[in-house]
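Peer 1: the following comprises the amino acid sequence and a computationally predicted model.
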Amino acid sequence: MKKLTVVDHPLVQHKLTLMREAGTPTAVFRQLLREISQFLAYEVTRELPLTTKTIQTPMQEMEAPTLAGKKLALISILRAGNGLLDGVLELIPSARVGFVGLYRDEETLQPVEYYFKVPDALSERVVIAVDPMLATGNSAIAAITKLKEAGAKDIRFLCLLAAAEGVAAMHEAHPDVEIVTAALDAKLNEHGYIVPGLGDAGDRMFGTK
C-alpha cells in the first residue's frame, strides 16, 4: 500500500487508545480528536511545496523558506470531519475551508450527498479531505470524486481510523490519493463498521447516541 501512511507516534497511539474506550466522555473524546488531528496534519503536510522569500532577522538579511502557491484547502466530510478540521485549522489557520455533506444509507451502505461547498481554484491548491473513519470507503470515494470534478488535482485524505477494505477501495478508485491515518484496523463487521474501531465517531463526538 504505497499511498498509505500510518502515524505510529507513541502519543498518537496512546490518545487513540483513550478514544477507543467506550467509557470516554464526549468532551474528552472531542479534545483527543483535536489533539490527534494535529499530529496527523503534521504528517499529511510533510511534502507541501516551498519557496523562499527575503526577510530581515535581528542579525542579517536571509532567504527563508515559506509555503508556495495558493493557500491549501481543507475539506471536511460532514459531519464527523469537523472534529479533525478544527485541530488542523489551528496549525494552518490561513487554509481555505470547504464542506462535503454525505450520509450513509444504512441498508445499501452507499453515500447520499446533501451539501457541497468548496473554495475556488482547487486545481491550484493542495487539497486535504478529512473524515475520522475510512470504513467501506464509499463516502470518502464519493467525496474525492466530487472534489476532482470541481478541479482538484493534488488531494490527500486524512482519517483517524481505516479498515483494510476501505484503503483498498480508495486505492482502486483514486490511486493518486495519499491516505494518512492513526491506525489500520482489522476488518469491517456486517454493518460496515470498523472493528475493533471506536464506534460511530460522529455520535461519540457530538453525544448523539
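Peer 2: Yep, that arrived. None of these values were measured; they are calculated from a predicted model.
Peer 1: report the longest helix in this structure, please.
Peer 2: For the chain, the helix with the greatest residue count under DSSP state H is helix 26-44.
Peer 1: how near is the residue nearest to residue 170 when sequence neighbours are not counted to residue 62?
Peer 2: Distance criterion C-beta to C-beta, 6 or more residues apart in numbering; nearest residue to residue 170, sequence neighbours excluded, is residue 137 at 4.9 Å. The C-beta positions use only the backbone N, C-alpha and C, and glycine is treated the same way. Distance, residue 137 to residue 62, using C-beta to C-beta, to the nearest Å: 46 Å.
Peer 1: more neighbours: the two, which one.
Peer 2: Neighbours around residue 137 and residue 62, counted as other C-beta atoms under 10 Å, are more numerous at residue 137. The numbers are 26 against 11.
Peer 1: looking at it, the more buried one is touching residue 166, isn't it?
Peer 2: Yes. Using C-beta atoms under 8 Å, residue 137 is in contact with residue 166, at 3.7 Å.
Peer 1: partners of the longest strand seen in the chain in the sheet?
Peer 2: The residue-count maximum for a strand in the chain (DSSP state E) belongs to strand 96-104. Neighbouring strands of strand 96-104 in its sheet, by DSSP bridges, are strand 73-78 (parallel), strand 111-117 (antiparallel).
Peer 1: quick one: the ones you listed as JSON lines, columns for mean pLDDT and distance to residue 144 too.
Peer 2: Output for those, formatted as JSON lines (pLDDT from 0 to 100; distance: least, C-beta to C-beta, whole Å):
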{"stretch": "strand 73-78", "mean pLDDT": "94", "distance to residue 144": "9"}
{"stretch": "strand 111-117", "mean pLDDT": "88", "distance to residue 144": "11"}
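Peer 1: and these, which is most packed in?
Peer 2: Across those, averaging neighbours per residue (mean count of other C-beta atoms under 10 Å) puts strand 73-78 on top, at a mean of 25.
Peer 1: what residues does that strand touch?
Peer 2: With contacts defined as C-beta atoms under 8 Å, 6 or more residues apart in numbering, strand 73-78 is touched by 81-82, 84-85, 88-89, 92, 95-102, 115, 118-119, 122, 125-131, 139-140, 143, 147, 152.
Peer 1: quick check: mean pLDDT of the helix or strand just after it?
Peer 2: Next helix or strand after strand 73-78 toward the C-terminus (DSSP states H and E): helix 81-91. Across helix 81-91, the average pLDDT comes to 90.
Peer 1: same thing with stretch 42-57?
Peer 2: Stretch 42-57 carries an average pLDDT of 93.
Peer 1: now do stretch 17-24
Peer 2: Across stretch 17-24, the average pLDDT comes to 94.
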